[in-house]
Structure formats: structure tokens, C-alpha cells
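Colleague: Starting from these lines, generate the structure:
(2 chains, ligands or ions: 2)
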Amino acid sequence: MAAQENALNDPIIICEDLHKWFDDFHVLKGITTSFQKGERAVICGPSGSGKSTFIRTLNRLEEHQRGTIIIDGVELTDDLRNINLIRQEVGMVFQQFNLFPHLTNLENITLGPIRVRKMAKSEAEAVALSLLERVDIADQAYKYPAEISGGQQQRVAIARALAMEPKIMLFDEPTSALDPEMISEVLDVMRELAHSGMTMLVVTHEMGFAREVADRIMFFDEGVVIEEAPPADFFDNPQHERTKLFISQTLQH
Amino acid sequence: MEDQELTQEIKPPVSTKGPGRWLKENLFNTWYNTLLTCLALVFLFFAFKGFLTWAFTEAEWDVIPANFRLFMVGSYPKEQIWRVWNAIYILSVLMGLSAGLWGGLIFRFAVALSGVWFISALLPVELSTRGWCLGAIAMIAVSFFLGRGRTGLRPWILGGWILSFPVIMVVLRGFGENGVLTSNWGGLLLTLILAVVGIVVSFPLGVFLALCRQSNLPAIRWVSTTYIETVRGVPLITILFMGNVLIPIFMPGLDINQVLRMMIGITFFSAAYMAENVRGGLQGVPSGQHEAAQAVGLNYAQTTLFIVLPQALRSVIPAIVGQFIALFKDTSLVSIIGLIDLLGVAKSVIANPDWLGLQAEVYLFAAVIYFVFCYAMSYASQDIETDLGVGKH
Ligand SMILES: Nc1ncnc2c1ncn2[C@@H]1O[C@H](COP(=O)(O)OP(=O)(O)OP(=O)(O)O)[C@@H](O)[C@H]1O
Ligand SMILES: [Mg+2]
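Modeller: Ligands and ions are numbered 1, 2, ... in the order given. So this is what the prediction gives:
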């Protein structure tokens, strides 16, 4: 919460009245919010409520049809230059890892820096190796993604995103596809990242992680944010009926 | 010490797979399989006996050496044959250098080719031919040692391969009246030229068409789809006839010779099928790959080049090489238009009164040549698949 206080008037992401339709289906129904530099927000809510769609609009994997998104001072429009600029600022980690199977783990990480940031190959490799060190799998650099475990793959994916030196990291259920014993190794990396001051938006059902790390928890339902609060308030004193039900259901498990 | 005992690795059980065991497991494992095996052996014995008897006693193989030049180069004039050898030497140098630089598959092909030249030199051929053959071996060998380990040369050699096409065309054609008109190109030489040009041009064209068919822009998608479906709806032979007649009508000013017309027809035909093969591969690349590439900041061209195509193409290598092989064999259709490719030579030799009644010998020889080249492509495709780790990662 310290980060939030320090930079209270320095939002790095601003969403105004954000709407999104898939054909006729209204998925995001007017989302207005902002995220501070260094803020750690956890997004939760029932399946189909638009959580993934929301964070995917922030780096233009999905196009929004109404409202504005401003990321680090740049507005997301059809302008390809702005989109590319923003994608360089925003890293993303997917539920299914989405590593490039035909490249080694190291090449997965160096591709972006070499091709997008035009970094020299040797420099990119040095950066990649230090990132693999940071996520604790330096020994897997020259293997292919299919040759390592799911938890290790997700950590490579995190390193791949970090290699672009993003200011913001988006996580879409990063541990949902993992066996229980691998979840903690990925959460450890994310925890470390959170402590380093990275701005993070995390869609997750890991409520322990949310309570420990988040500055704010946002609860989505049917395309709107129906409740947002710091974790203590959110878990111990939920306001909305829908939220109460969700919390009682998730904490049962 | 005790610890070591405990953690001692257990070796996997030794698999006993000798030829004897293989026979027993696959051919003689049950009484009815044994029976089938014996019947098949009896059948094979009689079939082969008939064939071998014919091949060694009745067949008149003289027809092959007597017409060997025709089979190889058609009516390419003898005093200009150095042009063909020069083309071969250009390729030998490139092949030797590549063998030295990359090793592996290309090295094995270089060795096989040297073997072919060596055997040819041992055959009762003219002295000059013998010299050319040995020269080709020397070219391969010398450039192999020159290229060895010089990895910095790789981009240059790739450029050299690309540049070698137009250069070889010019070498084979020469200039004006002093050169060799394409109407004199023939035999295996013509077959190879048609096939190589067809393969090398239709592949990128097919990839391009496939990408267009997946485009977000309706106009591009529509043009590409229309082209692909139209071409696929027409037999190659029709396209070749049409090309022969229509290209001169559409481009009256240009003197487009018949060989070039056939190249265009074969290439455009093959590209449509290639596009569909590649599209199959493109569809197999999960959307998550596009998204991950975009999230990293790659643009469309980079995503296509570094992420999508490598995965798409390697998953459809068998289909693509199948298309190459089909194209290679389909070049034989140009003999219907009147070009004398390998099959055309075979037909004209059979029609020659001196060699009447030797269809079996001549067609068998042509078949073996077609097979060797098609098998080489198939072999290369398997090797490349293993190399790229298809199905592994
Ligand atoms: N490409 C698409 N085309 C059409 N509808 C879509 C598309 N993607 C998502 N939807 C729909 O939009 C709604 C919101 O999807 P979204 O993936 O954002 O939900 P979510 O909150 O992330 O749910 P989950 O917890 O299951 O991941 C769902 O009803 C989904 O079916
Ligand atoms: Mg989701």
C-alpha cells in the first residue's frame, strides 16, 4: 500500500467507461478505474465475468469499442504505433504459458529484445540468463519448453515478459493450469516481482496470494466491477451480496 | 559406500532386438502368420524369378547406353555440352561448400553424388566425359575442404544458391544464335530444370497465397481464395495446354518460349496446392502463439516469420514434400505439349525403328531415374523432420 500512497496521483493505467462486445454479447459494461505505478491489483470473480477480456484489452489483444484506455500517457487507439509502444510497456503471462515450442527457453526470452528492442544477441542472452537465474531455472536455458515441467514453463514465460523491461505486468490465471505442487514456485516468483515494485494486474483464484500481496482486490461480475477494496476490507467486510457469496464459496475449498 | 549402493542407477532392461528376433516376432509369431509368410515367399520367388530371368537373358539393355546422351540432355548439341558441365560445376562447388559448412544431410548428398560421378567415370564413356566426371568430384571435394568450419560464409552460400538459378539458366542458354535454344533442352536436364524452378518458385508463392487467404482484409482473402480454388479445379494438363496457347495471346510483344510457358504453368498450378498445404499448417498453430508473440511486441511480419511459419511449415513437411514429389512427376506431362523431357525421350526412343519393342527396358530405366529423385526428396524430408524435432518439441 506504500506504493499507492507515494504515487497516489500518478496513475499508469487509466480506463474510462470501457465497453466491449463480442458480436452482440456485451462483455465489459463500462469499467472506469485507474492503477497507480507500483500498484498490485488482484482481479477475481466468477467464470465468464469478463476478467480475461478486461486485462486483454489493456494490451490490445482484444479491441474495446467504447471508452478510453490510457497507458503511461499513451492512448490505445487503432494507431499501430501506439499499440506497439504499449505492448512494449506491458508484459503478459497466460494461463497456458504459450511458450514458443520451436525455440529453446533461452530463445523464447531473447526473441523480443532482439527483434523488437533491437538488442545485440550477446547482450540479450546475458539478460535472459540473468532473468532465468532470477526465476531460479538457469539450468534449463538450452532445453525446449516441452522438456520442462509446467511450473518451470510458466517461470520461463514470466522471464520472457520481463525481458522486455515492461512497466506493467498482466497475469491471466497464471497458476490455474498447474499441478498443486508447482503453484507455489510460480507464486514465489510473482511475490518477488511484487516486492520489486512492479505494477501488476493479476487475475487469480489464489486468495492467499491476493490477501498477502494485493493492494486492491477488484471483483468482476457480468462485465462490471461490483466491488473493489484493499484485501482486509474485501475479505473481512464485503459489502455486496454477490461478493459475500463468492468469498464464502472460494474460502470453502 | 552404503549410500552409493542405494543410489546406484538401475539400467533400463536391455532390449534384445536382433534380426532373428524381429523375424520371429513379426513373421512367424503364429501358425497362420507362418503360413502367410511362406505363401508370400513362394509368390515373391516366382515373381522375381520371372523378372530376373527377363532382366538377365531376354532384355536388350543396349538401348540405354546407345541413347544415354538423349536421356540425359535430349537434343542439346554435343559441341555445347560444356555448358551443362559448367552448370553442374557451379552446383558442385555450392554443394561442396554447403557440405563443409553444414554437414549432415547435404554432406551425405554430396558423397552420394560424388559416388555417381565416380561410377560414371568407370563406365565405358568417352574420354572427355570421364574427365568432366572426375572434375566434378574434384570440385565437390575441394570446395568441401574450403568450406569446412567457416561458419561465417553461411549467409554468402545461401545467397549463392539463390543466385545460382539465373546464372545457370544463362549458362545453359548462352546468348543469341551462339547459345542453345531452349527448344533443344531435353531429357533429364529439362525434367530437372522444370522441377527445380517449379519447386523453388511455387513454395514461396504458396506460402504467400496461404497467408493472403488467412488475411483480415476481405479483398486479399477473396483474390487468394478465388485463385486457389480456380486452379485446383482445373487439371494440370489443361493448364499446360492453356499456357501454351494463351500466354502468347496475352503477352504478344514478349517472346516467351515454350519451356518458360511450361515453367509458369507448373509453378502456378503447384502454388495453389502448396497454399492449401501451408494453410493446413497455419491453422494448426494455436491462437495462443499469436497472442504471446503480440504481447511480446512483435509486429505482424515478425510474428509470421519467427513464430507462425516455423511451426506451421514443420508440421506440414510431409504434405509439402509430397507436393514437391508430385510436381516432379507431373513435369512429365510437358511431353504431351511436345517438349522432350525424360519421358519424352523415352517415348521417342521407343518410336525409333532401330529400337522397336523395347518399351519395358526404356520405361523401366526412366522409372528408376524418377524414383531415385523422388526417393531422395522423401529421404531429405524425413531427415529434416528429425532435425527439427517434429513431434518432440
Ligand atoms: N473471442 C470470443 N468470442 C466470443 N465470446 C467470447 C470470446 N472470448 C470470451 N468470450 C465470452 O466473453 C465472456 C467473458 O469471457 P472472459 O474470458 O473474459 O471471462 P473470464 O472472467 O476470464 O472467465 P474465466 O474465469 O472462465 O476465465 C464469456 O462469456 C465468454 O464466453
Ligand atoms: Mg479468463
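
Colleague: What about the residue of the stretch 1-150 of chain B found nearest chain A, how many residues nearby?
Modeller: Proximity to chain A, evaluated over the stretch 1-150 of chain B using C-beta to the nearest C-beta, is greatest for B:Gly104 at 18.4 Å. For every residue, glycine as well, the C-beta is placed using N, CA and C. The number of residues packed near B:Gly104 is 12, by other C-beta atoms under 10 Å in any protein chain shown.

Colleague: what do you get for the one 4 residues further on?
Modeller: Neighbour count of B:Arg108, defined by other C-beta under 10 Å: 14.

Colleague: Can you give me the pLDDT of it?
Modeller: Taken from the predicted model, the pLDDT recorded for B:Arg108 is 94.

Colleague: one step back: phi, psi for the residue of the stretch 1-150 of chain B closest to chain A please.
Modeller: In this entry, B:Gly104 is assigned phi and psi values of phi 60, psi -130 (degrees, to the nearest 10).

Colleague: got the contact list for stretch B:10-23?
Modeller: Applying C-beta atoms under 8 Å, 6 or more residues apart in numbering or on different chains, stretch B:10-23 has no contact partners.

Colleague: which residues in the stretch 151-253 of chain A form strands?
Modeller: Taking DSSP state E, counting those that start in this stretch to define them, one finds strands in the stretch 151-253 of chain A at A:168-172, A:199-203, A:216-221, A:224-229.

Colleague: For the stretch 51-200 of chain A, which segments count as helices?
Modeller: A:51-57, A:80-89, A:105-115, A:121-134, A:150-162, A:180-195 (DSSP state H, counting those that start in this stretch).

Colleague: so which of these gets nearest B:Tyr375?
Modeller: Set against B:Tyr375 and scored by C-beta to C-beta, the helices of the stretch 51-200 of chain A come closest in helix A:105-115, at 34.0 Å.

Colleague: need the contact list for A:Leu131.
Modeller: A:Ile109, A:Ala159, A:Leu162, A:Ala163.

Colleague: Model confidence at the residue nearest to B:Thr331 when sequence neighbours are not counted, what's the number?
Modeller: Sequence neighbours aside, B:Leu194 is the residue nearest to B:Thr331 in space, at 4.3 Å (criterion: C-beta to C-beta, 6 or more residues apart in numbering or on different chains). Reading off the per-residue confidence, B:Leu194 sits at a pLDDT of 96.

Colleague: So which of the strands of the stretch 151-253 of chain A is nearest B:Thr34?
Modeller: Smallest distance to B:Thr34 across those (C-beta to C-beta): 60.3 Å, for strand A:168-172.

Colleague: A:Ile109 contacts A:Ala128, doesn't it?
Modeller: Yes. The pair A:Ile109 and A:Ala128 passes the contact test of C-beta atoms under 8 Å, sitting 3.9 Å apart.

Colleague: For the stretch 1-150 of chain A, what lies in contact range of ligand 1?
Modeller: If contact is defined as C-beta under 6 Å from any ligand atom, the residues of the stretch 1-150 of chain A in contact with ligand 1 are A:Phe22, A:Phe25, A:Val27, A:Ser47, A:Gly48, A:Ser49, A:Gly50, A:Lys51, A:Ser52, A:Thr53.

Colleague: burial count for the last one?
Modeller: Using other C-beta under 10 Å as the criterion, A:Thr53 is surrounded by 20 other residues.

Colleague: Who are the contact partners of it?
Modeller: The contact partners of A:Thr53, taken as C-beta under 8 Å, 6+ apart, are A:Lys20, A:Val27, A:Leu28, A:Glu62.

Colleague: Next, count neighbours for the second one.
Modeller: If I follow you right, that is A:Val27. Applying other C-beta under 10 Å, we find 19 residues neighbouring A:Val27.

Colleague: Then the third one?
Modeller: Applying other C-beta under 10 Å, we find 27 residues neighbouring A:Leu28.

Colleague: Kindly report the same for the last one.
Modeller: Burial measure for A:Glu62: 18 neighbouring residues, criterion other C-beta under 10 Å.

Colleague: wait, isn't it in contact with A:Lys20?
Modeller: Yes. Here A:Glu62 reaches A:Lys20: they are 6.4 Å apart, a contact under C-beta under 8 Å.

Colleague: Three-state assignment for the residue in the stretch 101-250 of chain B that chain A sits nearest to, please.
Modeller: Minimum separation of the stretch 101-250 of chain B from chain A (C-beta to the nearest C-beta) falls at B:Asn216, amounting to 11.9 Å. Secondary structure state of B:Asn216, per DSSP: H, G, I helix; E, B strand; the rest coil, is coil.

Colleague: what about it, distance to B:Leu254?
Modeller: 36 Å (C-beta to C-beta, to the nearest Å).

Colleague: who wins for proximity to B:Val93 among the strands of the stretch 151-253 of chain A?
Modeller: Going by C-beta to C-beta, the one of the strands of the stretch 151-253 of chain A nearest B:Val93 is strand A:168-172, 52.7 Å.
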